[in-house]
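>>> Dropping the sequence and predicted coords here.
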Amino acid sequence: MPRPIRSLTALAGSACLAAVALVSPAAADTAGSGTEVSIDSLTSDHDSSGTVTPGQTVTGTAGVTFTVHADPDFEPYAAVVSIAGHTNTQGTGQVSQRIDLAAGDCLPSCTLHAAVDTAATKTFGGTDTIAAPLVEDGDNEIRVEVFTARPTITAATADVRVDNDRPVVTLPDLPGDDAWTNFKPVGLTADQRLDLRAVATDTGDGVSRLEYFSDNPVWPAASDLADADGDGTWTGTVDTSKVQSALWSYAYVVAFDNQGRAGSPVRATTLVDHGFIVTPAVKAVTRNTPSTVFLTYKYPASLTQPWPRNLNYAYPVSTRVLLDGALLDTTPVSDFVLVGYADYFYARLGDKPLPYGKHTLTFDVTDNRGAHGTTDVPITVVSGIDPTWTAGFDAFPVAGKTWKVAATTHAADGVSRAQTWTLTVDGKTIGTGTYPAQPSGTWTAGTPGLHEASLTMVSQFGDSSVTTQPLRVLAATTTKLSGPALTTYGSKQALTATVTQTGSKPAAGAQVSLQFRPAGSSTWTTIAKVTADSKGTAHFTTTAKRNGAWRAVTSAKNLAWASSTSSTVTGHVKATLSVKNPVTKTRHGRSVAYTASSAPYAAGTWIRYQIRKSNGTWSTLTTAKLATNGTATGKVTFAHAGTYMLRAYRPATATLVASSSPTWTVHVS
């Protein structure tokens, strides 16, 4: 049997701004708790029938009768009945009542009754005291919750429509519920002033006035809105110039009826944005080439929010850059940085060269709320200082050699000059100076390979210009040539060239030319070209023909080594000369013929037949002219008997050294 109906003692209503899940009327959420609750009847000043119907209208005090069924293991110890609006972002709270149950009160069941006052009010503080309803007119929900010791909560709900004839306000300029997820601005926006617009709906007792207020004590006095043309849209202006920048979530718009009763205040979340500090990273002395400028910005701490809240609060969206008041460029922040990216962004300086001289750059940055951060930067626009190299880069320096570099300087602005300058190679200083001295320096080329020459110039404005030049140092080469000092005409003569580069490293693959200069001539002629082997050695073989000088020339290798020429090697060539089967026995007084063969043939060549004296010198007995067939026959008559040593002798000429045949012995009887 159900227990008698018990009244719930009214307790103070507590504010609740959390959303309440909608449950079908009279339905119970038991969640397997062993306890069930159902709403039996609803009555109010509007309707006292007690029938629970979806969305029925309640006015004033709502009577709620509900039944609880419980198992011993899930015995209830309290029940709470409350009413709160679904649109609680605009409501002011909820009204609730609680009953504490003693042991056995609801076993196995009990029917309980409560009364909640839908017209209960809440007093707002601030500069004006407003008694506003805790529950706004419109769609609401009666909720019954039963608490057990397990602990579990069993609930039943019933949809109702509250109608206490309070005026209703809507703010058409507020964003929707998806503001956070879609990155839309939250709330209304104000800088020095807020222009406010509201729509008031008469629910039965007229609308006398609308008021914009905050219960924050630092907010200015409440402001009245006006409906100038009587169309239900009320407007007004609020002075926010003395309110600190912040997102003010406790601001409201409320309507009063003709009896002075307040409707439900509508939350008018308001962003007060007085702007921000912007700091561009621009040098006082800058070049005229347009570029992007790095800017930082800083809002007051009350508006400095982490991502993604900064996307809903305030962040820069566009920058105007002006030169002496004339617009250079407008840069949307998103061109360089994500919208709302904390702390910094970039701005363009246009696409045309800046004029030389003293000017003022103005950076005017606008945020998503229309507030500005503006700063002026005085600048001096100068050109770079450029060198014209007069020495040092027309050829590759060779390792071990002293290299000189020199330049003259000029500037497009016609004013800048190299007040000081420093020349370096691979970071090592080779020359410094001050105006009017022009850059110059000397350097002993070191390691073969790529090096970097750098000229740093600082103008009278403190502007630096740095010019670098790649510098290829070639290895030096040393070429040595060796060969025979004397060679017989027509025979093969071998010459060897050895090429080394800086560091005694063989110049493998070097191209070596063998050159010959005939005796008495100043002209060198290339006889052969050979590629040096892995040891840097080049071998040559020639045919001996005449006296002269030899040298080897190593060609330069692109980006590797320089050329070099060996010392000369003097080569002498002697003619071939022989006497075949000479007579070795004869009698004195008898004439003996000797025929000598010699090459090369040269017109006017005489062969001398000589006898060796006792003192070791040679004396000519007779001469014979060399015929074109390369032979010369001479006749010798011995006056006395004896043993004699003879030879044929060919005197030296400009092209050949002297030569003699092998000697032979003649016995004269």
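Okay, I see it. As the structure is a computational prediction, the values presented were derived from the model and not from experiment.
>>> Pull out the buried residues from stretch 151-168.
Across stretch 151-168, burial judged by 16 or more other CB atoms under 10 Å covers 152-160, 162-168. Quick note: C-beta positions are derived from backbone N, CA and C, even for glycine.
>>> For those residues, work out which two are farthest apart.
Maximum pairwise distance in the buried residues of stretch 151-168, criterion CB to CB, is 41.6 Å, between Thr152 and Pro167.
>>> center of this protein - which residue?
For the chain, the residue sitting closest to the mean C-alpha position, by CA atoms, centre = their mean, is Phe336 at 12.6 Å.
>>> ok, that one touching Tyr346?
Yes. With contact defined as CB atoms under 8 Å, Phe336 reaches Tyr346; the gap is 3.9 Å.
>>> ok, Gln305 - contacts?
Tyr313 (CB atoms under 8 Å, 6 or more residues apart in numbering).
>>> So it: helix, strand or coil?
Three-state assignment for Gln305 (DSSP: H, G, I helix; E, B strand; the rest coil): coil.
>>> Check the gap between it and Leu271 for me.
Distance, Gln305 to Leu271, by CB to CB, to the nearest Å: 11 Å.
>>> Quick check: bridge partners of Phe124?
With DSSP bridges as the criterion, Phe124 is bridged to Ile130.
>>> what stretches of the stretch 251-400 of the chain score poorly on pLDDT?
338-342 (pLDDT under 70).
>>> Also the stretch 1-150 of the chain?
For the stretch 1-150 of the chain, the stretches with pLDDT under 70 are 1-33, 48, 85-92, 125-127.
>>> could you pull out the strands for it?
Per DSSP state E, counting those that start in this stretch, the stretch 1-150 of the chain carries strands over the ranges 6-7, 27-29, 35-43, 56-58, 61-70, 76-85, 94-100, 109-117, 121-124, 130-133, 138-148.
>>> nearest to Phe638, of the ones you listed?
Checking these against Phe638 by CB to CB gives strand 27-29 as the closest, at 157.6 Å.
>>> State the number of residues packed around Arg590.
By the criterion of other CB atoms under 10 Å, Arg590 has 12 neighbours.
>>> for Thr568, same thing?
Neighbour count of Thr568, defined by other CB under 10 Å: 15.
>>> separation between it and Lys574?
In this view, Thr568 and Lys574 are 20 Å apart by CB to CB.
>>> now do Gln511
33 Å.
>>> and what of Arg608?
Separation of Arg608 from Lys574 (CB to CB): 15 Å.
>>> so who does the nearest residue to Ser302 once chain neighbours are set aside touch?
What sits nearest to Ser302 in space, not counting adjacent residues and going by CB to CB, 6 or more residues apart in numbering, is Ala246, at 3.9 Å. Ala246 makes contacts with 271-272, 300, 302-303, as judged by CB under 8 Å, 6+ apart.
>>> Then Ser564?
Per CB under 8 Å, 6+ apart, neighbours of Ser564: 476-479, 499, 553-554.
>>> Not counting its neighbours along the chain, what's nearest Lys298?
With sequence-adjacent residues excluded and distances taken as CB to CB, 6+ apart, Lys298 is closest to Ile277, at 4.8 Å.
>>> Looks like that neighbour contacts Leu303 (just checking).
No. In this structure, Ile277 is not within contact of Leu303 by CB under 8 Å, at 11.8 Å.
>>> Of those two, which one has the most company?
Higher neighbour count among Ile277 and Leu303: Leu303, with 25 against 13, using other CB under 10 Å.
>>> any idea how far Val186 is from that one?
Counting by CB to CB - Leu303 and Val186 are separated by 12 Å.
>>> what do you get for Ser416?
52 Å.
>>> what about the strands in the stretch 251-400 of the chain?
Counting by DSSP E, counting those that start in this stretch, the strands of the stretch 251-400 of the chain are 251-256, 266-267, 270-272, 277-280, 285-287, 292-298, 316-323, 326-332, 344-348, 357-367, 372-382, 385-391.
>>> Can you name the next helix or strand after the last one?
Think strand 385-391. Sequence order places strand 402-411 as the next helix or strand after strand 385-391, per DSSP states H and E.
>>> shared neighbours, Phe336 and Tyr346?
With CB under 8 Å, 6+ apart as the test, Phe336 and Tyr346 both reach Thr292.
>>> Roughly how far does Ala371 sit from Tyr299?
In terms of CB to CB, Ala371 sits 9 Å off from Tyr299.
>>> How about Gly187?
Gly187 sits 16 Å away from Tyr299 when distances are taken as CB to CB.
>>> go on, Gly63?
Gly63 is 53 Å from Tyr299, by CB to CB.
>>> which residues touch the residue nearest to the centre of the chain?
Contact analysis of Phe336 by CB under 8 Å, 6+ apart lists 292, 345-346.
>>> Pop out the phi and psi values for it.
phi -120, psi -30 (degrees, to the nearest 10).
>>> what's Thr467 in contact with, if anything?
386-387, 454-455, 457.
>>> and stretch 479-496, what's its mean pLDDT?
Mean pLDDT, computed over stretch 479-496, is 96.
>>> quick one: it to chain centroid distance?
65 Å (CA atoms, centre = their mean, to the nearest Å).
>>> swap in stretch 583-594?
Averaged C-alpha coordinates place stretch 583-594 at 105 Å from its chain's average position (CA atoms, centre = their mean).
>>> again, but for stretch 106-118
Using CA atoms, centre = their mean, the offset of stretch 106-118 from its chain centre is 71 Å.
>>> dump the residue contacts of Val573.
Counted by CB under 8 Å, 6+ apart, Val573 has contacts 486-489, 544-547, 655-657.
>>> tell me the SS of Leu495?
Following three-state DSSP, Leu495 is assigned to strand.
>>> Cool, thanks, talk later.
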